[in-house]
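**Q** Take a look and give me a structure for this.
(chains A and B)
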Amino acid sequence: AQSVSQHNHHVILSEAASLELGCNYSYGGTVNLFWYVQYPGQHLQLLLKYFSGDPLVKGIKGFEAEFIKSKFSFNLRKPSVQWSDTAEYFCAVIGTGNQFYFGTGTSLTVIP
Amino acid sequence: DTGVSQDPRHKITKRGQNVTFRCDPISEHNRLYWYRQTLGQGPEFLTYFQNEAQLEKSRLLSDRFSAERPKGSFSTLEIQRTEQGDSAMYLCASSSLNGPQHFGDGTRLSIL
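**A** Next up, the predicted model:
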């Protein structure tokens, strides 16, 4: 069965620090991977997605993620975080029925 | 704003009552999904439609839950004989055939 693991439950960083959030998936077929962000009081928004091709994917707001097939990982990165990046981040993989399997989320707090 | 719309935003009801939620997807999207999200967890897939056909249901969707999308546009999710454990945020998302899912703001259900 498909599953997604996010090992960092809560991350606290100072502004301008670099960010890397871990995501590991378990799925035997062709993977479509996503990172979604949920700002306080808002709905889930797509940050970036990987379907195929270049394993380094660039998304909105300076975020990027790297798909490493051998490690079953899709980690999210940003070189320099801002206070406005404070949010909940969810990694997700699409299953056979086109439904998402989400990780439990990582809460990011950026201190000004 | 032509995003996914959910109604109501918040529903408070007594245990044992029936509740119904509505989701209006982005108009050109033919796929519609329902998820449930509890505190500290990522969204969990419940069911999805392609046009008016309900193509997959999670085992989380007990007999008390039913979803419809009668004309392939809006969808309703009904919970009968609500229980304490049904308290959660119910999320709706829509997508085109191969596109990413766009989420609504959700309906927060509180069972007294």
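**Q** Need the phi and psi values for the residue in chain A that chain B sits nearest to.
**A** Of all residues in chain A, the one sitting closest to chain B is residue A:102 (3.1 Å; Cβ to the nearest Cβ). Glycine gets a C-beta too; all of them are placed from N, C-alpha and C. Reported as degrees, to the nearest 10, the phi and psi values for residue A:102 are phi -100, psi 150.
**Q** so what's it closest to, chain neighbours aside?
**A** residue B:42 (3.1 Å; Cβ to Cβ, 6 or more residues apart in numbering or on different chains).
**Q** Quick check: the one you found touching residue A:106?
**A** No - Residue B:42 is not in contact with residue A:106 according to Cβ atoms under 8 Å; the separation is 10.0 Å.
**Q** Quick check: neighbours shared by these two?
**A** Listed contacts common to residue B:42 and residue A:106 are A:6, A:90; contacts here mean Cβ atoms under 8 Å, 6 or more residues apart in numbering or on different chains.
**Q** Report all helices and strands that the lengthiest strand in chain A contacts.
**A** Criterion DSSP state E: the longest strand present in chain A is strand A:87-94. Other elements packing on strand A:87-94 under the criterion 3 or more Cβ pairs under 8 Å, 6 or more residues apart in numbering or on different chains; DSSP states H and E are strand A:3-5, strand A:33-38, strand A:73-78, strand A:100-102, strand A:106-111.
**Q** Export the ones you listed to CSV and append columns for mean neighbour count.
**A** As requested, the helices and strands packed on strand A:87-94 are exported to CSV (neighbours: other Cβ atoms under 10 Å in any protein chain shown):
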stretch, mean neighbour count
strand A:3-5, 17
strand A:33-38, 23
strand A:73-78, 20
strand A:100-102, 23
strand A:106-111, 16
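**Q** so which of these gets nearest residue B:16?
**A** In terms of Cβ to Cβ, the element of the helices and strands packed on strand A:87-94 nearest to residue B:16 is strand A:100-102, at 30.1 Å.
**Q** partners of the closest one in the sheet?
**A** strand A:87-94 (antiparallel) (DSSP bridges).
**Q** where along chain B do the strands fall?
**A** B:5-7, B:10-13, B:19-24, B:31-37, B:44-50, B:53-57, B:65-68, B:75-79, B:88-95, B:102-103, B:107-111.
**Q** Report the inter-axis angle for the longest one versus strand B:107-111.
**A** It refers to strand B:88-95. 160 degrees (axes from the mean of the first three to the mean of the last three Cα atoms, to 10 degrees).
**Q** Skipping adjacent residues, who's closest to the residue most central in space within chain B in space?
**A** With distances taken as Cα atoms, centre = their mean, residue B:34 lies nearest the centre of chain B, 3.6 Å away. Counting by Cβ to Cβ, 6+ apart, residue B:46 is the residue found nearest to residue B:34 once chain neighbours are left out, at 4.3 Å.
**Q** Kindly report the same for residue A:46.
**A** residue B:100 (5.0 Å).
**Q** Check the contact between that neighbour and residue A:33; I expect there is one.
**A** No - counting by Cβ under 8 Å, residue B:100 sits too far from residue A:33 to count as a contact (11.1 Å).
**Q** Residue B:109 versus whatever residue of chain B ends up closest to chain A, what's the distance?
**A** Residue nearest to chain A within chain B (Cβ to the nearest Cβ): residue B:42, separated by 3.1 Å. Residue B:42 sits 18 Å away from residue B:109, going by Cβ to Cβ, to the nearest Å.
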